[in-house]
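Undergrad: build me a structure from this.
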Amino acid sequence: MEAAARRGAALLDGSRLITESFVRAGADVFIGYPITPASLIYAYASHRFPATLPAPDEITALQWMAGLSATGKLPVSATSFPGLALMVESINMAMMMELPMVIVLVQRLGPSTGTATAGAQDDLRFLHGMISGGYPVPVFCIADMGDCWSLPPVALQTAVDLRTPVVLLTSKEMVVTERSVDLNRLGEVMAIRRGFYDDAEPFRPYEADEAGIPSFLPVGDGRHQVRMTASTHDQDGLLRHSSDEALGNTRRLPAKVEAGTPPLYHLEEPEDASHTEALIVTYGITTGAAREAVEILDAEGVAVSLLVARTLLPVADAYYSILDRYLEANTPIIFAEENLQGQFASILLGERLPESVRVVGDIGHMVRPDEIVRAVRQGSPRGGC
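TA: Down below sits the predicted model:
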């Protein structure tokens with residue numbers, strides 16, 4: 001990448017940018033098990049991370065991540081749905097223990113092992129219910145090559161700030177397809193901020209501040225006893241069944257994530273938003289098709305708005321504010337996502353979508369710009385303009 005930087009541009013896949021960004025931001029260990037289409041991240045990480053541990057399976061990978069996080073390391077892993085399914089119990093454990101880590105989830109066509117070489121946006125609903133009790137973990141989603149560079153530090157900082165596992169969601173086409181990237185436009189990646197408990201008073205590992213987040217101290221500290229547990233516990237890390245303190249500690253977990261996850265999105269609206277003929281909502285790899293659809297419609301004189309979501313979970317209040325404006329005006333809303341169910345649409349608006357909402361989706365191929373354009377035309381007051 002250094003030689004390419006002197007020329008200003010290079011052919012790169014998203015895997016290389018994601019890996020490099022994590023390292024520059026301060027991730028210090030990669031633990032993984034190779035699985036298509038996340039294997040390039042695994043390969044690049046073995047050359048760039050300060051330490052790489054090849055796990056014998058995904059269950060072990062997450063257990064090692066939990067152990068390393070407890071000792072103060074910042075671990076990263078990468079997988080696809082079959083691997084994530086094996087990791088879920090350990091992710092629940094890490095969430096309850098409040099251990100910072102990041103899992104890059106590279107989506108592919110399911111169900112089950114599906115087609116490993118076909119992309120999809122199939123896993124959002126699974127992530128939405130991944131934690132027992134419905135507790136959220138932050139989920140950020142890469143929309144373009146710039147995000148491959150800019151979102152890994154955000155994911156790491158969020159994991160540290162909230163003491164929680166974080167998922168960075170992407171897809172097969174984003175991580176394995178080479179594109180021309182102007183490296184001079186990527187900007188610098190700064191190391192994330194991190195601090196540990198440093199007080200003379202006895203350390204209480206789950207005593208939270210006003211934001212609902214406890215200070216962190218690695219196990220093995222020479223001055224303080226450090227307890228970590230995945231069972232219901234009090235502020236000292238002692239197992240408690242249903243005491244007020246222990247249940248309050250559990251109630252704190254979703255509250256800190258919902259309040260502290262940065263709501264990242266991009267909204268493009270015409271100068272006169274009152275004349276917008278449709279709102280297109282999208283995320284991830286489908287963003288490219290949605291942007292092209294907006295350009296096609298703009299050339300035809302059809303004004304549309306575009307909402308690109310980068311924070312998918314927990315759902316940002318801003319999304320509801322935006323959607324409410326368009327729903328109240330009975331303006332067509334088009335969700336573009338590469339799955340059959342309209343997963344993001346149903347998370348935002350429920351299983352029974354309002355009449356003005358349509359989903360453009362499919363499996364086995366990427367959503368095309370003309371499919372989005374057709375949906376806008378069908379919902380536009382001008383009909384088939």
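
Undergrad: doesn't residue 87 lie inside a strand?
TA: No. If the criterion is DSSP: H, G, I helix; E, B strand; the rest coil, then residue 87 is helix and not within a strand.

Undergrad: so who does it touch?
TA: Shown in contact with residue 87 (Cβ atoms under 8 Å, 6 or more residues apart in numbering): 58-59, 61-62, 77, 79, 103. To be clear about C-beta, it is placed using only N, CA and C from the backbone, and glycine gets the same treatment.

Undergrad: roughly how far does it sit from residue 62?
TA: Residue 87 sits 4 Å away from residue 62, going by Cβ to Cβ, to the nearest Å.

Undergrad: residues in contact with the most centrally placed residue in the chain?
TA: For the chain, the residue sitting closest to the mean C-alpha position, by Cα atoms, centre = their mean, is residue 140 at 2.3 Å. Listed by Cβ under 8 Å, 6+ apart, the contact set of residue 140 reads 151, 154-155, 158, 166-169, 264, 310-312.

Undergrad: now do 7 Å
TA: Going by Cβ atoms under 7 Å, 6 or more residues apart in numbering, residue 140 touches 151, 154-155, 168-169, 264, 310-311.

Undergrad: for those, which one is nearest residue 20?
TA: Set against residue 20, the nearest of the contacts of residue 140 by Cβ to Cβ is residue 151 (12.8 Å).

Undergrad: excluding sequence neighbours, find me the nearest residue to residue 34.
TA: residue 42 (4.9 Å; Cβ to Cβ, 6 or more residues apart in numbering).

Undergrad: that neighbour sits in which helix or strand?
TA: Using DSSP states H and E, residue 42 falls within helix 39-48.

Undergrad: residues in contact with the very next helix or strand once past that helix?
TA: As assigned by DSSP H and E, the chain's next helix or strand after helix 39-48 is strand 52-54. Identification of contacts with strand 52-54 by Cβ under 7 Å, 6+ apart yields 29-32, 45-46, 64.

Undergrad: would you list every one of the strands in this protein?
TA: For the chain, the strands defined by DSSP state E occupy 9-12, 29-32, 52-54, 75-79, 101-107, 139-141, 165-171, 179-182, 265-268, 278-282, 304-309, 311-313, 333-336, 357-360.

Undergrad: figure out which of those is closest to residue 216.
TA: Closest of the strands of the chain to residue 216 is strand 101-107, at 12.4 Å (criterion: Cβ to Cβ).

Undergrad: what does the closest one contact?
TA: Strand 101-107 is contacted from outside by 18, 37-38, 41, 65, 69, 75-81, 84, 87, 94, 119-123, 155-156, 159, 165-172, 175, using Cβ under 7 Å, 6+ apart.

Undergrad: paired strands for it, with orientation please.
TA: Using DSSP bridges, strand 101-107 pairs in its sheet with strand 75-79 (parallel), strand 165-171 (parallel).

Undergrad: mean neighbour count, those strands: which tops it?
TA: Among the strands paired with strand 101-107, ranked by average contacts under mean count of other Cβ atoms under 10 Å, first place goes to strand 75-79 (a mean of 29).

Undergrad: residues in contact with the closest residue to residue 203 other than its chain neighbours?
TA: Leaving aside its sequence neighbours, residue 203 sits nearest to residue 224 (Cβ to Cβ, 6+ apart; 3.8 Å). Contacts for residue 224 (Cβ under 7 Å, 6+ apart) come out as 202-203, 217.

Undergrad: with residue 51 instead?
TA: By Cβ under 7 Å, 6+ apart, the residues touching residue 51 are 28-29.

Undergrad: now it: phi and psi?
TA: Per-residue torsions, residue 51: phi -150, psi 140 (degrees, to the nearest 10).

Undergrad: can you give the distance of stretch 260-279 from its chain's centre?
TA: 20 Å (Cα atoms, centre = their mean, to the nearest Å).
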